[in-house]
Each structure stands twice: as C-alpha cells, then as structure tokens.
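Enquirer: Model the following, please.
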Amino acid sequence: MKAADVMTSPVYVVGPAENVAHARNLMLKHQISRLPVIENGTLVGIITKKDIGYRLRQTEPVWRRRPIDHIPVSVLMTPDPATVGPETGIREVSSLMIGCDISGIPVVENGEVAGIVTKSDLMRSALIGKITTRVEEVMEDVITITRYHSLTHIIDLMQERNDTVVVVNNDGSLAGIITESNLAFFIYVDEKSELPVKDVTMLRKEAHAGRKSFRHVVEMAAIAEDFMSRPVITITPGAPVSEAVALMREKNINSLVVVQDDEIRGIIQRDDIIREVAQ
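Expert: Coordinates of the predicted model:
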C-alpha cells in the first residue's frame, strides 16, 4: 500500500500572507487539522492546529500585540515541511510521522502538492486492520489535571509532554479531556481582541476540620473546565485495539481514556496505534 492509496485529494491550502484566523476557520469548516502553505504554486510551509493552539499561552507576546486576524500564517507555519511521493510505502510514511512527530505529510508530485496523508488516513489503511494486540499492550500513562488548572499551565504541560491531558474531579473521577483541537478551536478572544480574564474561586476550609468557605485564588484567561470535551469516550484495557480504532473513527477522535471499574488506567492514542504499523 502506498501514499497515493490513502492520501486526501484535493487539499485545502492557504498563502503565507493570509491571516491565522482564516486558516483556523478553514480547519473548523472542513474538520481538518493542517493546511499546506502555498506561494506562487510552491509548497513553502504547513500550519497546524497545534501551531495555533500552543500560542494561546497568556504570556505569549504575539497574542498580546495582535489578534489572530492580524497575524500572517507565515509567523506560525513550519517552513519547508517533510514530504513524500505518491509511491512512498505506508510503513515508511508511518515511520516518518512517528520519527518527526508530525501528523500529516504533503504528497508532492512533479513539484506540486497532489494530496496529503494524515494519521487519520493511516487509521483507515489495511495495515491498521491487521493489528491483533489488546489496548493494555499499547496504552500509555495518562496526564491528569483538575478543572481549575489555567490555560497557560495546560499548554505548558501539553508542550512538555506532547500529549493529551485528562481532567478529573476532586474525587478522581473522569470529568473531561483536552486535546490540541480544544486549544486551537477554543473561542478565546473578546471584542477587545484580548484574552478574557476570569476570577476563579475554590471551596477551602479555613482551618483543619473548620468551616468551609469560598476563597479567591487567581485571575486567569481560562481554566480547564471552560474548554474540555465531555463526555469522554472510554474503553477497557482488555479490549482489542481494533475496537479502539473503530471507536476513534466513529467518533472522529484521536484518543480514548482507558477505564476499568471506574478507575482511570491510562490512555490509548492514535500515535500508539500507528507506532505499531511503523515497527
């Protein structure tokens, strides 16, 4: 099986001088996660929802200076992206994605973008269907946060671990999940084109065994519960990976929280499955 067999074509593209808001809206409208950047018919870069989402840190200078409808794509794009040809094998494409930590590769033929292969395309390939392992054999440890963690903290954590985070309630139960899409497509700009600020209060005891009262904690742009996805789609550790693939495709998601007896055991992500094909 080759790249041409699974690639998406034609491809939605943007120019380097177009603004980030336009690119973001294209991603939302067409439910895609990346756009090749074309200038004078030549591929010069690629912009992804990760590029957009990770720039939402409250301290990121570019967002304090200009809203996204004033920032050109060229500021956030990755220049000179990796490419493959139509005849490149799927195992090689998978290895390139895992090795370079990318989720989509433009397919270039005769100097022009003929299509794009994404991890979602790979999830539909015949090689994925041949995986016979169970979820517990490929799942990873999960990063958990509370409902009240700030947007900036969450982005720092996701960048550091390059991972999805799971939101839990005070009793440890599953509350929600935050992915790159939640960050990139979060409606965060107010009419002044600035990050909104909110007060966060938490219920705390004034003293040990004392009376509980609400205490002001901090002002922040947003907290986890503002943009997490819920309900969370889960799977059991003993389920076959093929069941996880089917669920991800049906729900159009890239990860499943692994739960057994109401206890969070881990997470299985699209990358874990594609890594099996790349080996």
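Enquirer: need the contact list for the closest residue to residue 33 other than its chain neighbours.
Expert: Nearest-residue entry for residue 33: residue 49, 4.9 Å, with adjacent residues in sequence omitted and distances by CB to CB, 6 or more residues apart in numbering. For glycine as for every other residue, the C-beta is placed from the backbone atoms N, C-alpha and C. Neighbour list for residue 49: 24, 27, 33-34, 180-181, 183-185 [criterion: CB atoms under 8 Å, 6 or more residues apart in numbering].
Enquirer: Farthest-apart pair in those residues, please.
Expert: For the contacts of residue 49, the farthest-apart pair by CB to CB is 34 and 183; their separation is 14.5 Å.
Enquirer: Which pLDDT value belongs to the residue nearest to residue 33?
Expert: Confidence at residue 49, expressed as pLDDT, is 87.
Enquirer: before we move on, back to that, most neighbours, which of the contacts of residue 49?
Expert: Neighbour counts for the contacts of residue 49, by other CB atoms under 10 Å, peak at residue 34, which reaches 25 neighbours.
Enquirer: Please report the distance of the most centrally placed residue in the chain from residue 126.
Expert: When the chain is reduced to its mean C-alpha position, the nearest residue by CA atoms, centre = their mean turns out to be residue 180, at 2.6 Å. Shown here: residue 180 relative to residue 126, a distance of 27 Å by CB to CB, to the nearest Å.
Enquirer: Please identify which helix or strand holds residue 4.
Expert: For residue 4, the enclosing helix or strand under DSSP states H and E is helix 3-6.
Enquirer: List the buried residues of that helix.
Expert: Of the residues in helix 3-6, 3-4, 6 count as buried by neighbour count, 16 or more other CB atoms under 10 Å.
Enquirer: Let me have those residues in JSON lines, adding pLDDT and distance to residue 154 as columns.
Expert: Shown next, in JSON lines, are the buried residues of helix 3-6 (pLDDT from 0 to 100; distance: CB to CB, whole Å):
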{"residue": "3", "pLDDT": "91", "distance to residue 154": "34"}
{"residue": "4", "pLDDT": "92", "distance to residue 154": "38"}
{"residue": "6", "pLDDT": "90", "distance to residue 154": "33"}
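Enquirer: out of these, which one sits closest to residue 117?
Expert: For those, the nearest to residue 117 is residue 3 (5.2 Å; CB to CB).
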